[in-house]
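> how would this look folded up:
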Amino acid sequence: MDTLGLGPVDSTVGPAADSPTFQVTGGPADGTVTIAPDATFTYSSSTVAPDTAPTDLPDNFTVTVSDPRGDATTVQVSVAPDPAAGAGTSLVLTGSDGAADEVHVALSPTDSDEAGRLVVHSSTYPADAASELTVESIAVGRNPQQVAAHPVLPLVYVANQVDKTVTVVDRTTGSVVATIPVGGSATAVAVTPDGTRAYVTLKSFLGKVAVIDTATNTVVTTVRVGSHPTGLAVSPDGARLYVANKNGHSVSVIDTATNKAVDANPSLFATRIRVGAYPSALALSADGTRLYVANTGSNSVSVVNTTTYRTVDANPSFFSTRVRVGSSPSALAVAPDGCQVYVANTAGDTVSVIDVDAAAGTYRVVDTDPNAAGTQSIFVGCSPTSVAVSPDGSRVYAALSSDMVAVIDTASHRVSLTQIDTAPESGAHTLALGPDGQVYVIDAVDQTLRSMPAVDGVVTMGRSALVLPDTDGFTVEATWYFPNRADGPVGLIYLQHGAWRSDIYVSALAQHLADRTNSIVVTPTFASEVLARYNVAGTRVAEAVTALFAGDRAELAASAAAAAGRAVPLPQQFVLAGHSAGGKLVAVAAGYLTDAGAAGDLKGVVMFDPFSDGDATAGLAKLTGAHAVPVAMISAAPCAWNDWGDNTVEIIDAAPDSFVAIRLDGGSHIDAEGASSDALGMVGCGVSLPQNAAALQTITAGWITDFFAGSHDGIYGPQGTPVAVSGATGTVIAAKG
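Numbers count the residues shown, from 1 in each chain. Model (predicted):
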């Protein structure tokens, strides 16, 4: 037996393609394939002789290629003699669809390594400049809270609450250069404009601020402030430090020359500035004359005159003197010219914009969507917890709890998104901009500092009204996700949330699918109350969804245009996907589309642990024969929300000709929500493991890419096939076709 080495591997699996991993996950039937530690493939045939071709061909095997971000593609490879090169001199390996641009290797025993190069193009991660984004990750301390960049040196400071330390990172090398004990629960961190001092809040009932000498990386003193300090701001001249005392409902002022608290309220018994309820963050205007305070408990922003230490009456037409913003403001940032203040409303999933007229002394919340009722803030997605403004004021960066960064174009208020974690989970994040043009993001759950270029996201997001056809104008809210690729989207994905949820809970999945499949994604919100006219689990909604796609799609086009701020050509081919009750909805709608003779552009149906009843199974049963449409499902372990597994069994029993179902080990009913979920979802349905949510996203992207391309590179079985994706494991529990 002779061995034919396939030479070095050249892998193109997406933005983070360096150092991929390779695994033979199936076959070959007669020969064997092994992968050496250097990623060299070897195909061995039991019948090959020196300088001759194997006689047990054709053969085939499966290779799974994974990149460092956890994304993977499974490639079916067939092995056959190359007729053009002559028997015994060369082999050609092609993808199962015969496309040479998927996998192509020309090989002979005497060829150079270059001729034996294996090239794998991931179907779930198309190579495109829009996705060329590198996110670096550095381990820091436990429960990191905030980050600040040194204004001169290439250093970043991270406050670690549990470890009671500050980690100092060299941003040029990505290495930790110092860990500074600070003697208390470190929460906020700020650096003086000259870089000589760093300040850290020590959160406790008797709050303190630690003063760090950045030359020696040691604490030189501490200063007493109010209760549970959580926010800091240093004046432009470095002479004053402002401290937000969250539980003290006040702001302390420190003279940085003496490291003493200033009596900022001499007319009262207290020495601190009284503001709104539970102030959590601070920001200063560029000239240092105005201090803005995010009052998390009163949904407001206080404005302080730093010359007099008095709060400004920023809302003279109402009883309050504060600016009313969204729900639970937790962070804020000021534009370089001081004319706008951007406020992250964590519970509202929005960023409010305050217009500042310094000469007139007015502070007005901007209506960012005049077409909608009321004063609208900018919808950015899951629980923004931190904001920063670019030096030129053209962009605002918001850290989201779903391991994403939202980028706001300040001129148009359009939002783009970028995922910053390969296994995203829900948790607190804060960010800061460095002088090197990088965005530094703290991930408290992963105990990691991440850095990424300050560029627009890979997917643009917008929200608009969607009129349901044939309903006398009934309107719902929908969020649209548009991939930022030069070659245009290949398909349209309708993604429906589950019962008692809204579109925000599938936002992480929607962003991933838009990016990875190069498709436009729309996620409408429907009510769940039984008596609601359009209930997400009811037949009226399924009929409305059918009408959206069965006609001229004018309602979809109008909604997409309103969300994008321009006319958007919608691809004809589409996929229906849904979670829980939304899974039942898309199964029923697919059946209705078949009945109406309007399913020609329906390329697939994907369900995530769906509800099941007679309507759902009847709908799926119609997707067969001349009306065949591929159907895929990811189910959770038996639980109350899938009727202890009975829903899964019913769907499998009704499966059409082309069907695959996967169950992830430890799978939760809310794996489709992943990092978009909340505490209520986790309590009611069980915690979604980050690797399972990531695997669900990757597997789904592979399926939908196949549906649109007519390929078969995803995970399809046969039944019993083990699944290993993005650190998660599972099994194909059903497969047909």
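> what does stretch 390-397 rub up against?
333, 335-337, 340, 342, 351, 387-389, 405-411, 431, 433, 439, 454, 456 (CB atoms under 8 Å, 6 or more residues apart in numbering). From N, CA and C alone the C-beta is placed, and that goes for glycine too.
> Now, of those, which are buried?
333, 335, 340, 342, 351, 387-389, 405-410, 431, 433, 439, 454, 456 (16 or more other CB atoms under 10 Å).
> longest single helix anywhere in the protein?
helix 690-709 (DSSP state H).
> Any idea how far that one is from the middle of the chain?
Helix 690-709 sits 14 Å away from the centroid of its parent chain (CA atoms, centre = their mean, to the nearest Å).
> Mind checking which of the contacts of stretch 390-397 land in strands?
333, 340, 342, 351, 387-389, 405-409, 431, 433, 439 (DSSP state E).
> Now do the buried residues in stretch 730-737.
Neighbour-count burial for stretch 730-737 [16+ other CB under 10 Å]: 730-736.
> Ok, stretch 564-579 next?
Here stretch 564-579 shows 564, 568, 570-571, 574-579 as buried, counting by 16+ other CB under 10 Å.
> Stretch 531-546 now?
Neighbour-count burial for stretch 531-546 [16+ other CB under 10 Å]: 534-538, 541-546.
> which among the residues you listed gets closest to Y278?
V536 (34.9 Å; CB to CB).
> Do I have it right that that closest one meets P524?
No: taking contacts as CB atoms under 8 Å, V536 lies outside contact range of P524: 9.2 Å.
> What are the boundaries of the helices in the protein?
Using DSSP H, helices in the chain cover 507-517, 539-550, 554-564, 581-595, 614-621, 646-653, 679-685, 690-709.
> and the nearest residue in space to L153 that is not next to it in sequence, what pLDDT?
Counting by CB to CB, 6 or more residues apart in numbering, L153 lies nearest to G195, which is 6.2 Å off, once chain neighbours are set aside. For G195, the model assigns a pLDDT of 96.
> cool, I733 as well?
97.
> residue contacts, it?
I733 touches 635, 648, 652, 661-663, 719, counting by CB under 8 Å, 6+ apart.
> if we go to 6 Å?
661, 663 (CB atoms under 6 Å, 6 or more residues apart in numbering).
> do you know how far it is from P638?
Between I733 and P638 the distance is 12 Å, computed by CB to CB, to the nearest Å.
> what about G597, neighbour count?
Counted with other CB atoms under 10 Å, the neighbours of G597 add up to 9.
> ah, wrong one, I meant L623
26.
> Verify the contact between it and V629 for me.
Yes: counting by CB atoms under 6 Å, L623 does reach V629; the two are 4.2 Å apart.
> Phi and psi next, for S390.
phi -70, psi 160 (degrees, to the nearest 10).
> Likewise for G195?
phi 80, psi 10.
> check contacts around it.
Contacts of G195 (CB under 6 Å, 6+ apart): 150-152.
> Where does pLDDT dip in the protein?
1-133, 267-269, 317-319, 371, 373-374, 678-684 (pLDDT under 70).
> care to break it down by domain?
Domain ranges of the chain: 275-452, 458-736, per the TED database.
> As a markdown table, those domains with distance to V176 would be great.
Listed next are the domains of the chain as a markdown table, based on distance: least, CB to CB, whole Å:
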| stretch | distance to V176 |
| --- | --- |
| domain 275-452 | 9 |
| domain 458-736 | 24 |
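> Can you give me the neighbour number for T698?
By the measure other CB under 10 Å, the count of residues near T698 is 26.
> Does the longest helix of the chain pack against any helices or strands, and if so which?
helix 507-517, strand 602-608, strand 722-725, strand 728-736 (3 or more CB pairs under 6 Å, 6 or more residues apart in numbering; DSSP states H and E).
> Find the residue closest to V606 in space, skipping its chain neighbours.
In space, V606 comes closest to A577 once its chain neighbours are excluded; the distance is 4.1 Å by CB to CB, 6+ apart.
> quick revisit: among the helices and strands packed on helix 690-709, show me which one is buried the most.
helix 507-517 (a mean of 29; mean count of other CB atoms under 10 Å).
> Residues contacting it, please?
Here helix 507-517 has contacts from 124, 381-382, 402, 417, 424, 458-459, 481, 483, 493, 495, 521, 523, 672, 674-676, 697, 701, 704-705, using CB under 6 Å, 6+ apart.
> rewinding a little: closest one to V219 among the domains of the chain?
domain 275-452 (20.8 Å).
> tell me how far the ends of that closest one are from each other?
35 Å (CA to CA, to the nearest Å).
> Then stretch 150-165?
17 Å.
> Going forward, the N-terminal residue is numbered 588.
Happy to do that; since the first residue is 588 now, the last one works out to stretch 737-752.
> what's it in contact with?
727-736, 753-759, 766-769, 771-774, 776, 778, 780, 782, 785, 787, 1027, 1036.
> now it, how far from the centre of its chain.
25 Å.
> returning to that earlier point: any of the contacts of G782 buried? List them.
H737.
> In CSV: the contacts of G782, plus distance to T801.
As requested, the contacts of G782 are arranged in CSV below (distance: CB to CB, whole Å):
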residue, distance to T801
H737, 7
P738, 11
V739, 10
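> number of nearby residues for N804?
By the criterion of other CB under 10 Å, N804 has 16 neighbours.
> who touches it in this structure?
Counting by CB under 6 Å, 6+ apart, N804 makes contact with 765, 767.
> One more pass at 10 Å, please.
742, 744, 753, 755, 764-767, 785 (CB atoms under 10 Å, 6 or more residues apart in numbering).
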